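Pasting a predicted model and its sequence here:
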Amino acid sequence: MKYGIYYAYWAREWGADYKPYIQKMAKLGFDILEISCAGLNDMPEDEIKNLKKTADDYGIMMTGGYGPKANESLCSADSSIVANGFAFWKDTFRVLEKLGITSVGGGLYGYWPADYSKPVDKSGDLARSIENMAKLGDMAADYGIDTLGMEVLNRHEGYLINTCKEAVAYCKAVDRKNVKIHLDTYHMLLEEDSLPDAIRQAGARLGHFHVGENNRKLPGQGHIINWNELGAALREIHYHGNVVMEPFVIHGGQVGQDIRIWRDLLDDVSEERLDRDAAESVRFLRGAFEPA
């Protein structure tokens, strides 16, 4: 398995100059930097080349994450919104291909976060999403994307796929090799009866794995998850994919607002403290998931 972290652990805004984070990944003992797909379409060509070169120079792999906007939703009954979603992904896939990114995860099947001020048409949205995701899977394959991760979200953030069981059914219906399950321990804690059993249920369809504690802190900073049990389940299904931390501990900015972080979750959120904690967490996770 390869281990990574989402850049927004250190950031208050979506999108960034990712090159310094790549250097940080190499220093702290990570294999992967996960970046946001937001704004990639606007990245200048020379910046794309410089980012790819930096990742190659430091031996760091990049993955992508994204929560589509409501006007990009592939489950919408409005054909113009669906067309806008496909246009967004076509432009984004072009950039991802240049960056060497082959894995993208998130609530790609709909939009994020769900707007519950409006009526929910789960069955209709699900049918439209399945039909359009098959098309997106084909499009993604043309750009070398081998994993489109359907992230299983908790009920407060989404309604189409809340459990691994629903994700399995969804991926079977889409029937594309690159459309896979994306599990996240934070969401799993709210929806699954057993985290290890959910991993076993995903089996070979598991394409991406997000990890974090129930309070969105780094793995090892909580008291609920038995990480050794999760590691055993991952080994049981022979998972050799990416394990990416997605902690959010800093209050403020668009990231803090969207993730609902209303206070700093640590008494010290200096870069030095965050770096130290991240390095300790990836060592902890490797020990739990791949014991000697």
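Perfect, I can see it now.

pLDDT at the nearest residue to residue 237 once chain neighbours are set aside, what is it?
Once flanking residues are discounted, residue 237 sits nearest to residue 203: 5.1 Å by CB to CB, 6 or more residues apart in numbering. Where C-beta positions appear, they are placed from N, C-alpha and C, glycine not excepted. Residue 203 is assigned a pLDDT of 98 by the prediction.

I'd say residue 203 and residue 234 touch.
No - here residue 203 does not reach residue 234: they are 10.9 Å apart, not a contact under CB atoms under 8 Å.

And the two? Which one has more around it.
The residue with more neighbours, out of residue 203 and residue 234, is residue 234; 23 against 14, by other CB atoms under 10 Å.

for the helix or strand where the more buried one lies, packing partners?
In the assignment (DSSP states H and E), residue 234 maps to helix 227-236. Here helix 227-236 touches helix 195-202, helix 271-289, going by 3 or more CB pairs under 8 Å, 6 or more residues apart in numbering; DSSP states H and E.

closest to residue 47 out of these?
helix 271-289 (22.8 Å; CB to CB).

follow-up on the earlier one: of all the helices and strands packed on helix 227-236, which gets the most neighbours per residue?
Highest mean neighbour count of these: helix 195-202, a mean of 20 (counted as mean count of other CB atoms under 10 Å).

okay, now residue 32: neighbour count?
With neighbours defined by other CB under 10 Å, the count for residue 32 comes to 21.

tell me which residues of stretch 29-38 are tucked away?
Within stretch 29-38, the residues scored as buried using 16 or more other CB atoms under 10 Å are 30, 31, 32, 33, 34, 35, 36, 37, 38.

For the residues you listed, give me a markdown table that also has secondary structure and distance to residue 130.
Formatted as a markdown table, these follow (DSSP: H, G, I helix; E, B strand; the rest coil; distance: CB to CB, whole Å):
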| residue | secondary structure | distance to residue 130 |
| --- | --- | --- |
| 30 | coil | 34 |
| 31 | coil | 33 |
| 32 | strand | 29 |
| 33 | strand | 31 |
| 34 | strand | 26 |
| 35 | strand | 28 |
| 36 | strand | 25 |
| 37 | coil | 21 |
| 38 | coil | 25 |
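
Just give me the least confident of the residues you listed.
Across the buried residues of stretch 29-38, the member with the lowest pLDDT is residue 38, scoring 94.

Helix or strand with the lowest mean pLDDT in the chain?
None of the helices or strands of the chain scores lower by mean pLDDT, DSSP states H and E than helix 253-259, at a mean of 95.
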